[in-house]
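J.: Please work out how this folds:
(chains A and B)
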Amino acid sequence: MRISDLRIDGFGVWNGLELGELSDQLNVLYGPNEAGKTTLLEFVRSVLYGFSAERVARYFPPVHGGAPGGSLRVSHGQQTLVLRRYVSDGQENWSIVPLGRAETADDDLSLSALLGDVDETIFNNVFAVGLREIQELAGLSGTQAASELYSLALGLDRVSLVEVLADLDVSRDRLLAADGRPSVVPQLLAERERLQEELGELGQATRRYLSLLGERDSLDAEVARLEREQLTHQERTRELSLARALKDPWERRAALDAQLEALRKSDSLPPDALARFDRLRARWRRIRQKVRNVRRRRARLLEQAKGLAVNAALCEQAPRFEALAEQQQWMEWLAAEVARLEEEVLELESQRESTAPPNSRGRGPLSARMMEELRGTARALRAARRQWREWRAANPAAEREQPAATIQVPAAPRGVLSGQELTDSLAESGELVSKLRKRVQLDERLDQLSRRQVELDERSQELLDNQILPAWALGTLGSFFVLGSALVLLFAAGLILPASLGDALGWPVGIVGLLIAGGAGAMKLAMERGVRGDLDNCNGQIAMLKDQVEQTRQERDALDRELPRGGGPLVARLQAAEKSLAELEGLLPAARQREATERESQVAAETAAQHRGQLKSLRKKWGRLLAAAGLPADLAPKQLSDVTRRSTQGRAIEGQIAERSNELARRRAEFETLAGRVRQLVTLANVAPKTQQPLEQLRQCLSELAEQQQLGKERANLKRKAALFRKRQRKLARTAARLSRRRQAMFHAAGVLDEIEFRGRAAVQADVARLSAERTSVAHDITAALGSYSEAQFAEWLARHANLERAQLEQAELARTVDETLRELLGKRGELKEQLKTLAENRQLGFLRLELDRVDRQLQEAIERWQVLAVCSLFLLAVRDYYEREHQPQALQEASAFLVRLTGGRYTRVWTPLGQHVLKVDDDQGRTLDAEVLSSGTREQLFLALRLALVNSYSKRGMELPLVLDDVLVNFDVGRAKAAAIVLRDFARHGHQVFVLTCHEHIYKLFRSLKCDARQLPERAQGGASGGSIKRRRLAEAIPEPEEVIAVVEAEAPAAPAPLISQPQQAVHVEVPVAPVKIVNRQPRPAAAAPSPPRVRRQSVTTRWSAEEFEGELTDRVRGSEVLEPASPESANPPNGEEDAEAA
Amino acid sequence: MSDSLRFLHAADLHLELPPGGVAEMTDHLRSILVEAPLRAAQRVFEAAIKERVDFVVLAGDVIDPLASGPRGLVFLERQFERLASAGILVYWAGSALDDFERWQDAWNPGRNVIRFPAGRAASQVHRRGDQVLAQLAGVSYSTIHKSEIDQLQPARPDLFAIAVVHGSLGPELPVNRGFDYWALGGEHERANLLSGPVTAHYAGTNQGRHSGEPGSRGCTLVEVDDERQIRSRFIPTEAVRYERQKVTIDATFSEERFGTLLRERATELASDPFGADLIVDWIIAGEGPLVQRLRRGQLATDWVARLRAEFGAAKPCVWTSSLLADSHAAGGADYLDEDTVLGEFLRTVSHYREDAAADIHLESYLAERHLAGTLGAKAMRIDPARRSRLLGDVAELGTRLLGPQEWQP
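T.: Prediction:
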């Protein structure tokens, strides 16, 4: 946007001011103080950004009247617009109208686009500045313009290098502070020194230990010497004590020796003679007492034996009774069998009675023949009656007339049999059934006999096995036998060796031994005999049973020969035979009827008389037969079958009765045989039977026999005991005699006659023994007390020390002195040992070494960490310097170029440190100065350069606004003003519209000398208002150029035209005095060096920068890179460099 | 020589020097570390008794009496007494640390201990009963005669000859000197200088002293048959072992899975209930957000605390000394070509990496009083060996400070 015309209707002091045909480049407006230059500046601000309350209060109402407000004609691109802003009735009205179009109101969007989003603050501080605004940049704080100045192009990583450096400094100082404050490493060093000192102190422990070891060794030697001396004193003390203690026993022993010498002359007995005599005497008296006792006991035994009465006859029959006793079970079985058979016979007889035909009690069953006759007669009779009835039914008139020629005859049964044949068959079948039943009974009998035989065989085998006695019995009996034999042998040894144990135990042992051995032998014989008797009895029963089996088999074989061969098992055959018999019995009436019918059919034609005669004869015969059979006369022929059945059953029962009777008879015979033997033995044994029952008699005899045998054993035992006592009595008598002889021998040996004299000698001997014992005791005490010393040494001590007590006291004093010294040395040695032990167990040295190692380790780690931090800081500072040097904001780089020109090369660079919103200036001496320390003129040059750079920067971004400078050159000297004028002129020639408002005429002239568009503002006082318009005119024409000014400017102008934008200066002044770090590879690597991957433009997601900031930075960087492209000084120089020279 | 021979070769016991290099420790670990030199040495002497050796050869750096204190001397005396009870002699060549010149007369370790004289070569013949088994020649350190190794010569060529020396030897020295076995000390790493007819062997230290000595440490059991054929066997004796555990993870690893992996590895390390206590440096390699978080530090610190709490008080103790993300993996190469502050920073680092002659001056960060003292020298000294790692750490720190923080939790 460029202002081409300006019109103020009323604003402050201005009224009706018009500035037309304004230059697109530099416009210099000259007016003295109070001319309204600042009002003009404020008017431009107000039209573009509105009348603020402050401005309204200051500039309204206009001093000289007129409509409050004004307008600007601006060109924007190809458009020409008119901006109008007025205040009416306290309301602000403004418009923007394209030239040639009707007015439109409130086109805010158009104004915003016109201003290029430059807000009022930036405009007031960058584009329209007065002398006051240009000297301070605080107004730009927080604005985009500030970032234009202070944001270094740091690339895309968006880290705060300053923060990082600060963090590194803090971390590094924490480890090792550069300013010497307390930190980790010095602390660790101090601790290390402390530990080393402690280690040094503890290291002396070894020397002390070895020194103590030497001390201990010398102490050990001294202690050993004293201990030896102590032993010597102890030895002497002990000798003296011993001498004092043994002096009395020594003298007593000598006295005893003298007494013994005297007594031994009259001592002729052996040493133990009296004791031996006493023992011999006591034994002799004991033997005598034993003899009396044995004699009494023997008489008592004989008396008892005599009192035991024995049945000799019974005892003589004992073997036979024993044999019978073996048959006792057999007899009991036979008796039971006889009783059972008798019961069976009685039962069968009762059955037979119940099955006998009626009215034939006591007759027995009918014979087969009789039965046959009866059956035939009955059938004939029934047939005759039936024929008669049939004939009469068929021939009702037959009695009156001749009988019918034909009679209906029933059909003959299958297997036609005649009546006789049927009768024969019935007899055969009945006989067969009877034989088969007997055959089955024989088998059962054989089975019973076989089972019994097996039992007897087992019993026989058992008895046979028992003939050899079992091991436990043999062992027990053998043990008793051995025990008895041992006792007997012991007794025998006593006889041979009087001093042995057998001699002491005497006869009773021998007798008891004999009894035990004999009893064991007898027991063995009795047991063997009993087993043998049982075996014989069992064998007899087996033989008898074999006979019965053989007999039964013969009977069975005979029956088998009579029975037809084959036909299957006997039971099946029996059932078949019984069934056949029943069928035949069923066929018999039909056969008879058929015969009768045939006969009737044959004589059908005969007369009824014949029927009647036949009936009559048959009835007579029936009656006769009934009478013969003993049956009732009124028995009807129909009842004959019942009679027949009963008769058959009766016959079967009869057979069974006969069989049982036979067996009963055999059993009775066997039983009677045994019973006879029992009765015979009872008689021979002279036993009075209490009953007639053979079995009971046998039991009685056996019981009495057992009693008699027990009595016999007891009597024999008593006799044996008596015999033993007798033997013992004799032996004791012999012993007593022997002892008596030995006593006499002792008297003889002692040379005495009797016991009294013997005991006198013994008393003398006892005195000798007592004195000898006392002497032995004293001698033993002396020997024990002397220990390793000899009696000769003791005798020498006694001879040497006349006064033992005094010598002992002197020796004790010497020993006590040595003891005390030794005790003192031992205590000292104990202390030394304790110290050595304490030193040897002290682990403190190891812990200190470990602690020192830990501190060393921590120290090393801390130093290494510090080095990492320091190197990192060093490198980062180098990077920072590089960035501060090479990556200054584009605006500052341009400002540097302007500053060089404005200051004539005295100040070469303006720059901002990384992360700080301050500006620094480098001079041509390489020094860096803060902007605040510059002189006000230089600072205004700097700020002018910054404004120019900012305007240029905004312009490049499309925000082209006129630059209005109000008296900013007022503080410049001539040279500075000239340089500033040239710079402003050149700046304007680069497409920027610039308004320079000045109150100084020399400035006005200066610009004019540079052929700039310079105007003089009208005086406000003229006509009470500014009035009129200032038309464009060449200043050169209006105001003659002051020559002296030009000369001054020419003298201060730089020798060579400085480029508008120079390259960044290479000289860097770093504030922190660090060693130089070489920054390398700061430019992109050449493609030929290596096929490096394309650089990555990372979009960071860190939280330090917002996305908007990032986008802005990216845009800036791209634009910055465009600006930073290597540019020739020529391109940077204004094309009108020649004009500068020309102007100069 | 007609009979076989067996002896134990140990060196650098350093009874005075507990294992270190641990910046943080508990009382429990402190006790373990203080006792570690004695426990490790005890295992050496127990091995000698258990293996029924003929003698023990100690090649210097056994004990500094001043630094170890009386406790070390008493301990050594008792161990020598145990060997004496088993009929085992000790041949000891002293080093500057052992300093026989000062302590030879002041301290008598026992009659079964034969100390080679300081500064003078001496020879001993070892007998088993009446039978001569071998000859040993050795020399101890002396301030006057610093090198008497050239004087070492076997006295009898018919016997198996052993030279006992503490110090660094070139491989050419032991050849053709007439000795069959050179028992060397002074190198903490076990190594064979020569092998073959002549064997020159550094037994190494029996206990690692810092994280730069990882793995198992011990002594050497040497068996010589009647043909003078030498066979040696390593016997581990360390009481505390330094371990470097590298854990590689990728971008898919969650913190939970990472923790499980660490715990499994720690449990595996502690699986031997009779094994040595362990001091572990964890190195986390790989890429991904978890590695980035570990590089920032706090997560690694948390895991160090957890591992110490879980395994630091166990038996055996597994003490986490450090847990670091592999710095070599964090090169920041992606940013090197960027036209950013970070790119500029990394290019600067890269320049100093490539130009080893370029000095880095840190004086400006030190106070005047520090500059003159040892602290200043320490702080300003950057060892050439450490320079690369330092610059790597600087690059990593710069990347972390200046780079994007995509994985900020």
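
J.: For residue 185, which residues are in contact?
T.: Unless you meant another one, I'm taking chain A. Contacts for residue A:185 (CB atoms under 8 Å, 6 or more residues apart in numbering or on different chains) come out as A:175, A:176, A:859, A:862, A:863, A:866, B:375, B:379. Where C-beta positions appear, they are placed from N, C-alpha and C, glycine not excepted.

J.: that's the other chain; I wanted chain B
T.: Neighbour list for residue B:185: B:11-12, B:58-61, B:93, B:95, B:165-167, B:202-203 [criterion: CB under 8 Å, 6+ apart].

J.: okay, and for chain B, where does confidence drop off?
T.: Within chain B, the stretches with pLDDT under 70 are B:1-2, B:144-148, B:171-172, B:174, B:327-333, B:404-409.

J.: Indicate the residue of it located nearest to chain A.
T.: As assessed by CB to the nearest CB, chain A sits closest to residue B:20 within chain B, at 3.1 Å.

J.: wouldn't that residue be in contact with residue A:860 here?
T.: No - at 11.1 Å, residue B:20 does not count as touching residue A:860 under the criterion of CB atoms under 8 Å.

J.: Those two: which is more packed in?
T.: The neighbour comparison of residue B:20 against residue A:860 (other CB atoms under 10 Å in any protein chain shown) goes to residue B:20, with 20 against 14.

J.: Near chain A, which residues of the stretch 101-250 of chain B are found?
T.: Within the stretch 101-250 of chain B, the positions adjacent to chain A are B:103, B:106, B:107 by CB under 8 Å from any CB of the partner chain.

J.: Out of those, which sit inside strands?
T.: Among those, no residue falls in strands (DSSP state E).

J.: Now list the buried members of those.
T.: Buried subset of these (neighbour count, 16 or more other CB atoms under 10 Å in any protein chain shown): B:103, B:107.

J.: pLDDT-wise, which helix or strand of chain A ranks last?
T.: The weakest-scoring helix or strand in chain A, judged by mean pLDDT, DSSP states H and E, is helix A:1107-1123 (a mean of 35).

J.: before we move on, the earlier item: in the contacts of residue A:185, which residue is surrounded by the most others?
T.: residue A:176 (30 neighbours).

J.: Does it touch residue B:379 like I think?
T.: Yes - Residue A:176 lies in contact with residue B:379 (CB under 8 Å); the separation is 6.3 Å.

J.: ok, the residue in chain A that chain B sits nearest to - contacts?
T.: In chain A, no residue comes nearer to chain B than residue A:853, which is 3.1 Å away by CB to the nearest CB. Counting by CB under 8 Å, 6+ apart, residue A:853 makes contact with B:18, B:20, B:21, B:22.

J.: Next, the contact list for the third one, please.
T.: Spelled out, it's residue B:21. Per CB under 8 Å, 6+ apart, neighbours of residue B:21: A:853, A:857, B:209, B:210, B:211, B:212, B:242, B:279, B:321.

J.: so of those residues, which ones are in strands?
T.: B:242, B:279, B:321.

J.: and those as TSV, adding distance to residue A:273 and neighbour count?
T.: Converted to TSV, these look like this (distance: CB to CB, whole Å; neighbours: other CB atoms under 10 Å in any protein chain shown):
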residue	distance to residue A:273	neighbour count
B:242	97	25
B:279	96	27
B:321	101	23
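
J.: isn't there a strand covering residue B:205?
T.: No - looking at residue B:205 with DSSP: H, G, I helix; E, B strand; the rest coil, it is coil, so not inside a strand.

J.: That one and residue B:215, how far apart?
T.: 11 Å (CB to CB, to the nearest Å).

J.: the more surrounded of these two?
T.: Counted by other CB under 10 Å, residue B:205 and residue B:215 do not tie: residue B:205 has more neighbours, with 28 against 13.

J.: re the thing from before, list just the nearest of the contacts of residue A:853 to residue A:295.
T.: Taking CB to CB as the measure, residue A:295 lies nearest residue B:18 of the contacts of residue A:853, at 104.8 Å.

J.: Please give the element, helix or strand, for the closest one.
T.: Of the helices and strands defined by DSSP states H and E, none includes residue B:18.

J.: show me the contacts for it.
T.: For residue B:18, the contact set (CB under 8 Å, 6+ apart) comprises A:846, A:849, A:850, A:853, B:33, B:34, B:36, B:37, B:209.

J.: backbone phi and psi for the third one, please?
T.: So the one you mean is residue A:850. phi -60, psi -40 (degrees, to the nearest 10).

J.: Tell me how many other residues crowd it.
T.: By other CB under 10 Å, neighbour count at residue A:850 equals 24.

J.: Surely it touches residue B:20?
T.: Yes - counting by CB under 8 Å, residue A:850 touches residue B:20, with 6.4 Å between them.

J.: my guess is residue A:627 contacts residue A:633, does it?
T.: Yes - counting by CB under 8 Å, residue A:627 touches residue A:633, with 6.6 Å between them.

J.: Shouldn't residue A:346 be within a helix?
T.: Yes - counting by three-state DSSP, residue A:346 is found in a helix.

J.: Give me the spatial nearest neighbour of residue A:781, chain neighbours excluded.
T.: Nearest residue to residue A:781 in three dimensions, chain neighbours excluded: residue A:249, at 5.5 Å (CB to CB, 6 or more residues apart in numbering or on different chains).

J.: Oops, could you answer that again for residue B:378 instead?
T.: Nearest residue to residue B:378 in three dimensions, chain neighbours excluded: residue A:863, at 5.7 Å (CB to CB, 6+ apart).

J.: Do a quick rundown of the strands in the stretch 101-250 of chain A.
T.: Remark: strands assigned in the stretch 101-250 of chain A by DSSP state E, counting those that start in this stretch are A:128-130.

J.: Which residues of it lie near chain B?
T.: Those residues of the stretch 101-250 of chain A that sit near chain B, judged by CB under 8 Å from any CB, are A:154-157, A:159, A:161, A:164, A:167-168, A:172, A:176-180, A:185-186, A:189, A:199, A:202-203, A:205-207, A:209-210, A:213-214.

J.: ok, now which ones touch residue A:960?
T.: Residues in contact with residue A:960, defined by CB under 8 Å, 6+ apart, are A:1, A:2, A:116, A:954, A:991, A:992, A:993.

J.: Kindly recompute the last result at 6 Å.
T.: By CB atoms under 6 Å, 6 or more residues apart in numbering or on different chains, the contact set of residue A:960 is residue A:1.

J.: does it count as helix, strand or coil?
T.: Per three-state DSSP, residue A:960 ends up coil.

J.: How far does the helix or strand hosting residue A:718 sit from its chain's centre?
T.: Using DSSP H and E, residue A:718 sits within helix A:694-750. Offset of helix A:694-750 from its chain centre (CA atoms, centre = their mean, to the nearest Å): 83 Å.

J.: Which strands and helices lie in contact with that helix?
T.: helix A:273-306, helix A:312-316, helix A:318-326, helix A:507-562, helix A:640-684 (3 or more CB pairs under 6 Å, 6 or more residues apart in numbering or on different chains; DSSP states H and E).
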